[in-house]
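Novice: This is a predicted model, with the sequence first.
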Amino acid sequence: MEHMVVDPILSDLAQGLAAARANERSLPLESRELTPEQAYDVQAETAALVGESIAAYKIGLTTPGARKAMAWDAPIVGRLGTSDLMQSPASLNAGGFQRFAEAELLFEIGEDFDAGDAPFSEADVAGKIAGLFAGIELCASRYEQEDVTIAELIADNSNADKLVVGDRLATGWDQRFAALPVTLVRNGHDPVSGSTSLVFDNPLKSVTWLANWLAARGEGLMRGQIVASGSCTGITELDGDEQLIAEFGDLGTASAIIAPKRR
């Protein structure tokens, strides 16, 4: 189901965000009264303006601390097009936005989800998983200002920018991934230690939440799509020059090299 913006002010915001993404130039954040549901409509229209099908979803605010910081009581969703997905080892330029990195367990969807079959249980979702992958989500804000409301964050695609898909860790869900040690390694910095258990206590719960959230909107996960289930290592602010490796125990990695911004 398409959720298109009809309010011209909100449509202007969608056009501004789409242009900011295309030009890598931050958007001044004007005062707008925006509800979270309107923000998802802005997000959907922005994606439509970009013109790519949804290749992946990201789930954000998957820890109590992150939700408390945004004064919000649920996770949030962003969507990524085909060009937003990168295979590890990935190489990209720093670009025009400040980026942040999160090590994430990625789920490959093996079967379509029919919204009419909801609510989905964790067992239902586990049965539709075709693979688990190491991943790095690269987040970015398209706004000039740092302080944003939850609705402004959602409208900006929940800060989704790029997703690096690394090694295949398994061909389906396995309970060992509920609490797998994860480390984000950076050149010149201390490693960031984490665990898949930081994601909703279990990343399968995160993907189950997404499946039911989409179904409530008349939408559904589709075969071949990727779900970035949430950060296992918090959010790490990046410099212009980075070498990143996300290690998922001894099972596999994802890596990315970010070159300094060109002057």
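Specialist: Sure, I can see it. Residues are numbered from 1 along each chain as shown.
Novice: what's across from the residue nearest in space to the middle of the chain in the sheet?
Specialist: In the chain, the centroid-proximal residue (C-alpha atoms, centre = their mean) is residue 58; its distance is 2.6 Å. For residue 58, the beta-bridge partners are residue 78, residue 228 (DSSP bridges).
Novice: how about residue 104, what does it touch?
Specialist: When contacts are counted by C-beta atoms under 8 Å, 6 or more residues apart in numbering, residue 104 is found next to 58, 135, 136, 137, 199, 228, 229, 230, 231, 232, 246. C-beta: built from backbone N, CA, C; applies to glycine.
Novice: Columns pLDDT, secondary structure and distance to residue 163 on top of these, output as JSON lines?
Specialist: Below are the contacts of residue 104 laid out as JSON lines (pLDDT from 0 to 100; DSSP: H, G, I helix; E, B strand; the rest coil; distance: C-beta to C-beta, whole Å):
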{"residue": "58", "pLDDT": "98", "secondary structure": "strand", "distance to residue 163": "7"}
{"residue": "135", "pLDDT": "99", "secondary structure": "strand", "distance to residue 163": "6"}
{"residue": "136", "pLDDT": "99", "secondary structure": "strand", "distance to residue 163": "8"}
{"residue": "137", "pLDDT": "99", "secondary structure": "strand", "distance to residue 163": "6"}
{"residue": "199", "pLDDT": "98", "secondary structure": "coil", "distance to residue 163": "15"}
{"residue": "228", "pLDDT": "99", "secondary structure": "strand", "distance to residue 163": "6"}
{"residue": "229", "pLDDT": "99", "secondary structure": "strand", "distance to residue 163": "12"}
{"residue": "230", "pLDDT": "98", "secondary structure": "strand", "distance to residue 163": "13"}
{"residue": "231", "pLDDT": "98", "secondary structure": "strand", "distance to residue 163": "12"}
{"residue": "232", "pLDDT": "98", "secondary structure": "coil", "distance to residue 163": "14"}
{"residue": "246", "pLDDT": "99", "secondary structure": "strand", "distance to residue 163": "12"}
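Novice: So which other helices or strands are in contact with the least confident helix or strand in the chain by mean pLDDT?
Specialist: Scoring the helices and strands of the chain by mean pLDDT, DSSP states H and E places helix 8-23 at the bottom, with a mean of 90. Judged by 3 or more C-beta pairs under 8 Å, 6 or more residues apart in numbering; DSSP states H and E, the packing partners of helix 8-23 are helix 36-50, helix 150-155.
Novice: buried residues in it?
Specialist: By 16 or more other C-beta atoms under 10 Å, the buried positions in helix 8-23 come out as 10, 11, 13, 14, 16, 17, 18, 20, 21.
Novice: now do stretch 208-224
Specialist: 208, 209, 210, 211, 212, 213, 214, 215, 219, 220, 221.
Novice: need the contact list for the closest residue to the second one other than its chain neighbours.
Specialist: The shortest distance from residue 209 to any non-neighbouring residue, by C-beta to C-beta, 6 or more residues apart in numbering, is to residue 75 (6.1 Å). With contact set as C-beta under 8 Å, 6+ apart, residue 75 has these partners: 59, 60, 61, 62, 67, 200, 206, 209, 210, 213, 230.
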